[in-house]
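A.B. asks: My questions concern the predicted model and sequence given below.
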Amino acid sequence: MPLKRRLSDEVRKYVLDRIANGEYARGERVETIRELCMRLKVSHMVAATAMRSLAEEKVVISHVGRGTIVSPDLPDTYFRKTPEMVSERKILYFFFETTYTPRLSSYHAEVLSHLQSAAALRGWETRVELLAGERLLHAARSSGTVGIVSCCVDQPFPELPVPVVCYGIAARSFQNCCVVADNFRAGVEGTRRLLNRGCRRLVFIDGRDKPREGAWDGWNPELQFAETFHGMESVCRERGLSPELASWNINSDCEEMDRILRQLPGTTGTGFLIGNRSMAWEIVLRARELGIRIPEELSIVTFVSRGGREMELPLDTFNFDSRTVAEQCVICIENARRGGVLPSRILTEMPFHEEGSS
């Protein structure tokens, strides 16, 4: 199942294709946002988002009174290659698992979009494949393959003749090179923000059932949101505090969270660090049902927006930086092609978006 593209990506592709075909030359005016809306039947916001993305990458330049033009300094890699140059084609493969639902694939689609841009700047084509052993081997052995970028998976990759870089919100330790979000640092910063808001009762909320025998000390840091929790734990240890642990799974028993939430009306100083934004959305709705005032009685920091209905609620979120992740993947492959050694792990900062749940 192919990854879904946003409408703004389609508008962006339309403009890039016209540049590649020579319909827009360097310094030539491109269609206005209004003209793009009429031609492609999209909203003003969609067309504006696409053009802003192209402007940020210096593909187009806006001039007052002249409109938007193709950058006079646009590299040759943006223009279609001649037939005699086809043999020099260089291909970057992007692999993703077949098991992802469209909703969970949203950040993968963002990584792919930024990966295509970074690859195009280097004159590489990008091809998308479903993650399967025979396809992986075929891509690695194909003429012109510069490298492979893949979402993180639960099994190690075979040894391949080209650089392989994995990416994700978290990663398994057995993979050779992983570009992942710095969950530990985000846990540290999220906890400090809650403490700065006056919270002294801190609760970390995970998405699975807590170990029955209180075995949180042996919790595998590669599973679920453990790295985020360990970041929280390190700050609490410095302050002489003991964070509470709770689990939330809307499809199973939520008695533990209900017990905590029912204690909050009429109190202050409680802060929740919630493993991901989807869970936070569900917990906020439950808190509102119980009459809990946010942020007066409950302050929330959460992680990773994956799109969907949870976007309707303002939640302070440390997010996954898909642009930086994609760029780091390409830089790793580029360096490896020059003889460099692939690092075992690259941690990317999670930018904080304050939306009003503080």
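C.D. replies: Cool, got the structure.
A.B. asks: Which residue is the nearest non-sequential neighbour of G269?
C.D. replies: Closest residue to G269 apart from its sequence neighbours, by Cβ to Cβ, 6 or more residues apart in numbering: R200 at 4.9 Å. (C-beta placed from N, C-alpha, C; glycine too.)
A.B. asks: Which stretches in the chain count as strands?
C.D. replies: Remark: strands assigned in the chain by DSSP state E are 60-63, 67-70, 90-96, 124-130, 145-151, 164-168, 178-181, 201-206, 244-247, 270-274, 299-303, 317-318, 345-348, 352-353.
A.B. asks: got these as TSV, with distance to H138 and mean neighbour count columns?
C.D. replies: Shown next, in TSV, are the strands of the chain (distance: least, Cβ to Cβ, whole Å; neighbours: other Cβ atoms under 10 Å):
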stretch	distance to H138	mean neighbour count
strand 60-63	37	15
strand 67-70	37	17
strand 90-96	9	21
strand 124-130	9	16
strand 145-151	9	22
strand 164-168	14	23
strand 178-181	23	24
strand 201-206	39	23
strand 244-247	42	18
strand 270-274	41	27
strand 299-303	36	26
strand 317-318	38	26
strand 345-348	27	17
strand 352-353	40	13
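A.B. asks: now these as JSON lines including mean pLDDT?
C.D. replies: As requested, those are exported to JSON lines (pLDDT from 0 to 100):
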{"stretch": "strand 60-63", "mean pLDDT": "87"}
{"stretch": "strand 67-70", "mean pLDDT": "88"}
{"stretch": "strand 90-96", "mean pLDDT": "88"}
{"stretch": "strand 124-130", "mean pLDDT": "85"}
{"stretch": "strand 145-151", "mean pLDDT": "91"}
{"stretch": "strand 164-168", "mean pLDDT": "89"}
{"stretch": "strand 178-181", "mean pLDDT": "88"}
{"stretch": "strand 201-206", "mean pLDDT": "88"}
{"stretch": "strand 244-247", "mean pLDDT": "82"}
{"stretch": "strand 270-274", "mean pLDDT": "91"}
{"stretch": "strand 299-303", "mean pLDDT": "90"}
{"stretch": "strand 317-318", "mean pLDDT": "90"}
{"stretch": "strand 345-348", "mean pLDDT": "89"}
{"stretch": "strand 352-353", "mean pLDDT": "88"}
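A.B. asks: so where's the stretch 151-300 of the chain shaky on pLDDT?
C.D. replies: Residue ranges of the stretch 151-300 of the chain with pLDDT under 70: 154-155, 171-176, 208-224, 250-254.
A.B. asks: rerun that using 50 as the cut-off
C.D. replies: 210-223 (pLDDT under 50).
A.B. asks: for the closest residue to E227 other than its chain neighbours, what are its contacts?
C.D. replies: Leaving out its chain neighbours, the residue that sits closest to E227 by Cβ to Cβ, 6+ apart is N183, at 3.9 Å. Shown in contact with N183 (Cβ atoms under 8 Å, 6 or more residues apart in numbering): 169-170, 225, 227-228, 231, 303, 350.
A.B. asks: and if we set it to 7 Å?
C.D. replies: 170, 227-228, 231 (Cβ atoms under 7 Å, 6 or more residues apart in numbering).
A.B. asks: and of those, the nearest to D316?
C.D. replies: T228 (14.3 Å; Cβ to Cβ).
A.B. asks: Excluding residues flanking it in the chain, which one is nearest the closest one?
C.D. replies: Nearest residue to T228, sequence neighbours excluded (Cβ to Cβ, 6+ apart): G187, at 3.9 Å.
A.B. asks: Let me see the contact set for that neighbour.
C.D. replies: 227-232, 273.
A.B. asks: Export the residues you listed to CSV and append columns for distance to Q263.
C.D. replies: Converted to CSV, those look like this (distance: Cβ to Cβ, whole Å):
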residue, distance to Q263
E227, 28
T228, 23
F229, 21
H230, 26
G231, 25
M232, 20
L273, 17
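A.B. asks: For these, pick the one with the most neighbours.
C.D. replies: With neighbours taken as other Cβ atoms under 10 Å, the top of the contacts of G187 is T228, carrying 32 neighbours.
A.B. asks: Can you give me the distance of the residue nearest to C151 when sequence neighbours are not counted to I148?
C.D. replies: Excluding the flanking residues, the one nearest C151 by Cβ to Cβ, 6+ apart is F96, at 5.1 Å. F96 sits 12 Å away from I148, going by Cβ to Cβ, to the nearest Å.
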